[in-house]
Each structure stands twice: as C-alpha cells, then as structure tokens.
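Enquirer: with the input below, show me the fold.
(4 chains)
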Number of protein chains: 2
Amino acid sequence: MTADLEESARKLLEVVPIIMQDIRSEMRRRRLLDLTVPQFRVLAFVNRNEGSSLWEVASHVGLTPPSTSRLVDGLIARGLMARNDHPADRRRVRLTVTGHGLAILEASTQGTVSYLANKLSGVDADDREAIDKAVEALRTVFATSTSVVT
Amino acid sequence: MTADLEESARKLLEVVPIIMQDIRSEMRRRRLLDLTVPQFRVLAFVNRNEGSSLWEVASHVGLTPPSTSRLVDGLIARGLMARNDHPADRRRVRLTVTGHGLAILEASTQGTVSYLANKLSGVDADDREAIDKAVEALRTVFATSTSVVT
DNA sequence: TTATATAGTTAGAACATCTAATTATTAGAA
DNA sequence: TTCTAATAATTAGATGTTCTAACTATATAA
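Expert: Predicted coordinates for the structure are as follows:
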C-alpha cells in the first residue's frame, strides 16, 4: 500500500517540474508582458486578496519577506501594484493591484491559459476528467501547506 | 467546450506553481543533500540517460547550454557527475553520474518522495486514482515539449 | 513604562541564469 | 580536397533573484 503511494509521489515529482518549466518557458517567450512566475503569482494572489499584508503574500508564494518586499518594489515601480498604510496597524502594509496591474495580470493569465488549454486539447475526455479531479484534490492537499522557509 | 478546456488550464496554472514551491521548500528544508531543483533534475535525467550530451540535458531541464554547463560544473566539482569525451564526436561530451552522485540522488529522491507520499496519504482512493491517471496523461502531453528558450 | 514580539525594509553576499562571443570539431559544397 | 557553414560546448560579463543578518517602527503585555 505504501509502495503504491510512493510510486504516485515519484511520478508527481517527475512531472510537476516539467510542467512548471514549460509554463516558465512559455511566459518568458511572450516577453510583451514580462512577468516572472513569482511576480505573476504575487499579482494573482493580491488580486484575489485585496489589501494583503506583505507577510501574507510571502507565505503564499513561499518567499522570505525581504525577497517579497523587493519583488513588490519592482511591481510598484512598474505601476502594477500599490502599497498603502493599514488603517488599524501602522506596521502593516496594504497591498493592492492597480488597474494597469490587473490588465497585465489578465492578459498574462489569458496568454498562459490559452497555451495550456491548447496542450490539454490533445488529451481525451476521460483523461481530461481525471486531470480536473486530480487538480482539485491536489489543491486541497497543497493549498494550506505553503509557508515561508526559515 | 473551449471554455471548459480553459477552465481546466486555469486551475492547472494555479496548482502547479503551488506544488512546485512546496517541493522546492521541502528540498531546501533538508539541507543535508543540498540539491536545488534544477540540479536534482539534471542528476535524475543523466542517471536515466547515461552519456547524455550537454545539449540533451539543457533541452530537458529547459536551461540554456551555458547555464547547464555551469550547473554541471558545480555537480562535477562536488563529485556527483563526470564529464568525458564522446568516442565518436569530439565536440560532444558524455555526462555520467558518479556513484556518490547516485547515492545523493537516491537519498534526495527518497526524502522528497516520502514527503509527497505523506501528503498524498491524506487523499482518498478515488482521488488518488485520478491523480495517477492525470499524471500519466500530463506527462505524455508535456514530456516532448520542453525545449531550450531562445 | 519598559521589555518583547511583530511587520516591514535595507544592506550585502551568493547564486542562477541570460546573451554574446569564442573555441573546437564535424559535415557539406565547390 | 579544401573552404564554408553548422554544431557542441565553454567562457566572460551582466542582470536579476533570493537569502541571511541587521535595523526601524509600531504594537502588545508585564
């Protein structure tokens, strides 16, 4: 039983980096929008979580707060995000995505999604269903786990 | 129909980086073996493809040849890989994994696999099956695609 | 009110990756 | 055959990402 579990894990460990690399390459290929994967993830997270603190963002993307701070600096410098004071706690920061940031995020998402959708179009219905189900299951398993490395 | 495809792609795009980040964090956490994800992938690939050329490795991991060359330098300096002449084509290089490299690779794989297996143990049998099937399908879709970015 | 904890940034170092240029070798065409 | 073009790999230099450690500012609690 355990052997089977490990076999699943082994294959997952093989495939995930390949897909990730493919996504990364695709994002790099379309230079127009020019977002790295972490930048993209930060934008997407803050967009879904308006007013996030830096620490929340760092936790989600799995970077340290200083790294995240710099990354955010870059996005702010490009006008994609804004950093404001938190009304209740002045140590804290409220991060938001600007209109321009949202436009870039959506264009970037759409481009990458189209690319992936095109890949998935070569998969038969049965496997597609399995992929949807697997993605859902994997999300619940991994979603909560991401934390800052110390 | 296309909308559905895109929805699958969108969720894949959300989950894959999360899993990847989790794997990365886990590998970093166990410092003992001290392999980055690309280093790990190079070792694993060369182990499965004894005598690969640099270009083949670069294609697989999705790095440029110069980057791959440097990465390999590091692995060789640590005694994990060896670089030899190709008998037929002297421009080419024959990369191999040393005994020590194999030991490190296996220990690193085992550690990460155990970690992932542990995560997967929280998934019910039905979803586990979907994951296995999905991983298989995704591998065939993405396996051939990885190429050097230019 | 002082000590401690929390949120975030700055500073500096290490590393990874890229592009461009270089060297060596092979394959193909004149 | 000999010259040219293509291929394989590396070197050099620049850029960017991420880390750890130290610092500032604010909040909480003794």
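Enquirer: where exactly do the helices run in chain A?
Expert: A:2-29, A:37-48, A:54-61, A:65-77, A:99-120, A:125-142 (DSSP state H).
Enquirer: closest one to DNA strand D among those?
Expert: helix A:65-77 (3.1 Å; CB to the nearest atom of the strand). Quick note: C-beta positions are derived from backbone N, CA and C, even for glycine.
Enquirer: that closest one vs DNA strand D: in contact?
Expert: Yes. Judged by CB under 7 Å from any atom of the strand, helix A:65-77 and DNA strand D are in contact via A:66-67, A:70-71, A:74.
Enquirer: go on, stretch A:83-101?
Expert: Yes. Stretch A:83-101 is in contact with DNA strand D by CB under 7 Å from any atom of the strand, via A:89-91.
Enquirer: got JSON lines for the helices of chain A, with distance to chain B, mean pLDDT and mean neighbour count too?
Expert: Shown next, in JSON lines, are the helices of chain A (distance: least, CB to the nearest CB, whole Å; pLDDT from 0 to 100; neighbours: other CB atoms under 10 Å in any protein chain shown):
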{"stretch": "helix A:2-29", "distance to chain B": "4", "mean pLDDT": "84", "mean neighbour count": "18"}
{"stretch": "helix A:37-48", "distance to chain B": "6", "mean pLDDT": "93", "mean neighbour count": "20"}
{"stretch": "helix A:54-61", "distance to chain B": "7", "mean pLDDT": "93", "mean neighbour count": "19"}
{"stretch": "helix A:65-77", "distance to chain B": "13", "mean pLDDT": "94", "mean neighbour count": "16"}
{"stretch": "helix A:99-120", "distance to chain B": "4", "mean pLDDT": "91", "mean neighbour count": "17"}
{"stretch": "helix A:125-142", "distance to chain B": "3", "mean pLDDT": "93", "mean neighbour count": "18"}
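Enquirer: can I get those helices in TSV with distance to residue B:34?
Expert: Formatted as TSV, the helices of chain A follow (distance: least, CB to CB, whole Å):
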stretch	distance to residue B:34
helix A:2-29	17
helix A:37-48	22
helix A:54-61	23
helix A:65-77	20
helix A:99-120	32
helix A:125-142	24
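Enquirer: what's the closest of those to residue B:98?
Expert: helix A:2-29 (21.7 Å; CB to CB).
Enquirer: for that closest one, name the packing helices and strands.
Expert: With contacts defined as 3 or more CB pairs under 8 Å, 6 or more residues apart in numbering or on different chains; DSSP states H and E, helix A:2-29 has these neighbours: helix A:37-48, helix A:99-120, helix B:2-29, helix B:37-48, helix B:99-120, helix B:125-143.
Enquirer: residue A:50 and residue A:98, how far apart?
Expert: Look at residue A:50 and residue A:98: by CB to CB, to the nearest Å, they are 12 Å apart.
Enquirer: those two: who's more crowded?
Expert: residue A:98 (16 against 10; other CB atoms under 10 Å in any protein chain shown).
Enquirer: give the contact list for residue A:102.
Expert: residue A:47 (CB atoms under 8 Å, 6 or more residues apart in numbering or on different chains).
Enquirer: wait, isn't residue A:55 in contact with residue A:65?
Expert: Yes. At 6.1 Å, residue A:55 counts as touching residue A:65 under the criterion of CB atoms under 8 Å.
Enquirer: need the residues of chain A near DNA strand D, please.
Expert: A:36, A:38-39, A:62-64, A:66-67, A:70-71, A:74, A:89-91, A:149-150.
Enquirer: list just the nearest of those to residue A:143.
Expert: Checking the residues of chain A next to DNA strand D one by one against residue A:143 (CB to CB), the nearest turns out to be residue A:62, at 12.5 Å.
Enquirer: excluding residues flanking it in the chain, which one is nearest the closest one?
Expert: Nearest residue to residue A:62, sequence neighbours excluded (CB to CB, 6 or more residues apart in numbering or on different chains): residue B:21, at 4.0 Å.
Enquirer: what number of residues lie near the closest residue in space to residue A:47 that isn't next to it in sequence?
Expert: Nearest non-adjacent residue to residue A:47, counting by CB to CB, 6+ apart: residue A:97, 4.6 Å away. Counted with other CB under 10 Å, residues neighbouring residue A:97 total 23.
Enquirer: please give me every residue in contact with residue A:97.
Expert: A:43, A:46-47, A:50, A:80-82, A:105.
Enquirer: before we move on, back to that, most neighbours of all the residues of stretch A:83-101 next to DNA strand D, which one?
Expert: That'd be residue A:89 among the residues of stretch A:83-101 next to DNA strand D, by other CB under 10 Å, with 10 neighbours.
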